[in-house]
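A.B. asks: sequence plus the predicted model coming up.
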Amino acid sequence: MSPDEDRPRGPWSQRGAAFGVWYLRIVTFVNLLSAVWVSFGNDIRRHNIEEFFTPYLLTAGFASGAFSLFLSVTLRRRKRAAWILNLLLSGLLLLLFAFVLAAAPEFRGQAQNWVSLALTLLFFVSLVVGRREFYAKGDRSNPKLAAVTAAGGLLVASLLAALLVTATNTAQDASAESAAPATFMQRWRYGVMRLVSLAADDRAFPGIDTPNWVNVAINVLSAALLVAVLWAAFRSVRSTDPITADDEERLRALLVRHGDRDSLGYFALRRDKSVIFSPSGKAAVTYRVVGGVSLASADPLGDPEAWPGAIEQWLAEARAHGWAPAVMGASEEGGTIYARHGLDALELGDEAIVETEEFTLGGRAMRTVRQAYNRVQRAGYTVRIRRHEDIPAPELDRLLRLADDWRDGETERGFSMALGRLGDPGDGRCVMLECTDEKGELRALLSFVPWGAKGLSLDLMRRDRDSENGLMEFMVLEMIQRAKEVEITQISLNFAMFRSVFERGSRLGAGPVLRLWRSLLSFFSRWWQIESLYRANAKYRPIWEPRYMLFEKSTDLLRIGIAAARAEGFLEAPGLPKWLNRKHLENVR
């Protein structure tokens, strides 16, 4: 942490930071309003070139609106670089205002100028008072990336602007008595001036006459370029060091001692995660940074008495880098501990857990499941159950190739409830189910990770698309009924999102809001497996254990949802060209 972050921050510091953020939000609204309300925007721009001047950043237009919007967002995320930039710009403007008012009597007679001076001064003072609230660090490659983005973006945007001017220039057919047609260099210079200035002097370009919408389009292009440069300049540190071999060894030791507590504990060993240990080393939080969100999964590992220490370390790192902290899939016990550290909880759904010793296929309630199981069994399908460490290397290699062939798409989905790898030598205690047809051909695979000493958690499901329907259910039932072969007593199956909504919404007497919510989820289930996962798990009559998402600010929920979808493999964010990414910039140093 920085020295400022270590000091206690009082109410005045918080109020100062809040005023700065809200000032920029209001300026953003006025700038964007003036960009679409032409007469209002012209009044503001006239004030800036006549005897009036306007407060800090109030200049009208899409580009200035985008600039103030981005600065308000970065200030709200406590970015130190944004605080420094705003303090520098507003301080210089404040000095300019004071000099003009002192040196030019005609400016002192305008009351609006004194209001502009007062507002700019208030903003500057609020930043000084709230300086301890802005401690979030940026990525060290940001200045170089911003410079490259600005140079390359300005070149591309100016060429696009020049082409747009060329296509719409109504003065290009000028007569002999009028100005000569503009050359391409003149059109390019005009595009550059329109990109960098809201009040370009058209008299310098007599051979160019474009419709107003062209100038607006170039202004929007300028705003987009400005946002790209600001994003590059103020982006958060994108990631931390992934789990090392030593970290993994320490995490496995925690799982040996406390792995029975959480069915999702083994998934903490994903190697695309980072880890923070408690000061005592008896607990740890594993997480991954996605889109400025520090996304932890499930409960902390280790001794519950040491969980607060690990959570505090994780939250401190998230705040130091300006990341939004979030937890996906915490249990009720873990969620309660997280909530004590200032996070709010939202129930995501339920995890299906089957106690193998209590499970039976008998009875009327299991009639449909029993019939489906018998149908697949009569078709000649059989299941083989082995620990990964008991599978010979050549056989395991073949299983891995088939699993890749049967994968739905190129992306390996899963984060909070998936290991993300198969057949690793360190995962020898995982359990593999191989299902073959009547000809002995392999048709499907299931893989489970350990859940303590006596449990398993479903990790991976793959099958040949030409195989019998109901094959996965048949394999799960085989695992439940033959659990003693691998000495386990409980199995964690798929996670059913919004399970309680489907269950309560179908009951007699369900309220209109609940029925509407259930109808919406059923509609979206046409594209995403929401209701089908619930139905698929419910047939085993499991114990439902609720799982929660935890977050610090409700305004971050959309951002967290997108980050979670990316981490789980359902969304893929567009990236920068390879020549602009961080690794390239580091290599050219």
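C.D. replies: Right, received. Where do you want to start? Residues are numbered from 1 along each chain as shown.
A.B. asks: which regions of the stretch 301-450 of the chain sit below the pLDDT cut-off?
C.D. replies: 409-414 (pLDDT under 70).
A.B. asks: any idea where the strands of it begin and end?
C.D. replies: With strands called from DSSP state E, counting those that start in this stretch, the stretch 301-450 of the chain shows them at 301-302, 324-330, 344-355, 382-387, 431-436, 442-451.
A.B. asks: of all those strands, which one is nearest residue 73?
C.D. replies: Shortest distance between residue 73 and the strands of the stretch 301-450 of the chain, using C-beta to C-beta, is found for strand 324-330: 11.9 Å. Every residue, glycine included, has its C-beta placed from N, CA and C.
A.B. asks: so which elements touch the closest one?
C.D. replies: strand 293-297, helix 307-321, helix 332-339, strand 344-355, strand 543-551, helix 557-568 (3 or more C-beta pairs under 8 Å, 6 or more residues apart in numbering; DSSP states H and E).
A.B. asks: now residue 351: how far from residue 451?
C.D. replies: Distance, residue 351 to residue 451, using C-beta to C-beta, to the nearest Å: 11 Å.
A.B. asks: winner for burial among the helices and strands packed on strand 324-330?
C.D. replies: Sort the helices and strands packed on strand 324-330 by mean neighbour count, taking mean count of other C-beta atoms under 10 Å, and strand 293-297 sits at the top with a mean of 26.
A.B. asks: that one packs against which elements?
C.D. replies: Against strand 293-297 (3+ C-beta pairs under 8 Å, 6+ apart) you get strand 283-290, helix 307-321, strand 324-330, helix 557-568.
A.B. asks: so what touches the second one?
C.D. replies: This points to helix 307-321. Helix 307-321 is contacted by residues 1-2, 5, 78, 135-137, 236-237, 240, 276-280, 283-285, 287, 294, 296, 299-300, 302, 323-325, 334, 337-338, 340-342 when judged by C-beta atoms under 8 Å, 6 or more residues apart in numbering.
A.B. asks: just the buried ones from the residues you listed?
C.D. replies: 5, 78, 135-137, 236-237, 240, 276-278, 283-285, 287, 294, 296, 299-300, 302, 323-325, 334, 337-338 (16 or more other C-beta atoms under 10 Å).
A.B. asks: follow-up on the earlier one: with distance to residue 389 as extra columns, can I get the helices and strands packed on strand 293-297 in a markdown table?
C.D. replies: Shown next, in a markdown table, are those (distance: least, C-beta to C-beta, whole Å):
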| stretch | distance to residue 389 |
| --- | --- |
| strand 283-290 | 24 |
| helix 307-321 | 30 |
| strand 324-330 | 27 |
| helix 557-568 | 28 |
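A.B. asks: for residue 157, find the nearest of those.
C.D. replies: Closest approach to residue 157 among the helices and strands packed on strand 293-297 (C-beta to C-beta): helix 557-568, 26.8 Å.
A.B. asks: can I get the CA coordinates of that closest one in PDB?
C.D. replies: Below are the C-alpha coordinates for helix 557-568, written out as PDB (Å, rounded to 0.1, in the frame of the first residue of the first chain):
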ATOM      1  CA  LEU A 557     -22.700  -5.700 -11.000                       C
ATOM      2  CA  LEU A 558     -22.800  -5.400 -14.800                       C
ATOM      3  CA  ARG A 559     -19.000  -5.200 -14.900                       C
ATOM      4  CA  ILE A 560     -18.700  -8.200 -12.700                       C
ATOM      5  CA  GLY A 561     -21.300 -10.200 -14.700                       C
ATOM      6  CA  ILE A 562     -19.300  -9.500 -17.900                       C
ATOM      7  CA  ALA A 563     -16.000 -10.500 -16.200                       C
ATOM      8  CA  ALA A 564     -17.600 -13.700 -14.900                       C
ATOM      9  CA  ALA A 565     -18.900 -14.600 -18.300                       C
ATOM     10  CA  ARG A 566     -15.400 -14.000 -19.800                       C
ATOM     11  CA  ALA A 567     -13.800 -16.100 -17.100                       C
ATOM     12  CA  GLU A 568     -16.200 -19.000 -17.600                       C
END
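A.B. asks: for it, name the packing helices and strands.
C.D. replies: strand 283-290, strand 293-297, strand 324-330, strand 543-551.
A.B. asks: what are the contacting residues of the last one?
C.D. replies: In other words, strand 543-551. Contacts of strand 543-551 (C-beta under 8 Å, 6+ apart): 263, 324-332, 335, 338-339, 343-355, 495-496, 499-500, 557, 560, 564.
A.B. asks: go again with 6 Å.
C.D. replies: 326-330, 335, 338, 343-348, 350-351, 353, 560 (C-beta atoms under 6 Å, 6 or more residues apart in numbering).
A.B. asks: what is the mean pLDDT for it?
C.D. replies: Averaged across strand 543-551, pLDDT comes to 92.
A.B. asks: then stretch 70-90?
C.D. replies: Mean predicted lDDT for stretch 70-90 stands at 87.
A.B. asks: same question, stretch 557-564
C.D. replies: Mean predicted lDDT for stretch 557-564 stands at 89.
A.B. asks: from the chain's centroid, how far away is it?
C.D. replies: On the basis of C-alpha atoms, centre = their mean, to the nearest Å, stretch 557-564 is displaced by 5 Å from the centre of the chain it belongs to.
A.B. asks: equivalent analysis for stretch 349-369, please.
C.D. replies: The answer for stretch 349-369 is 36 Å, by C-alpha atoms, centre = their mean.
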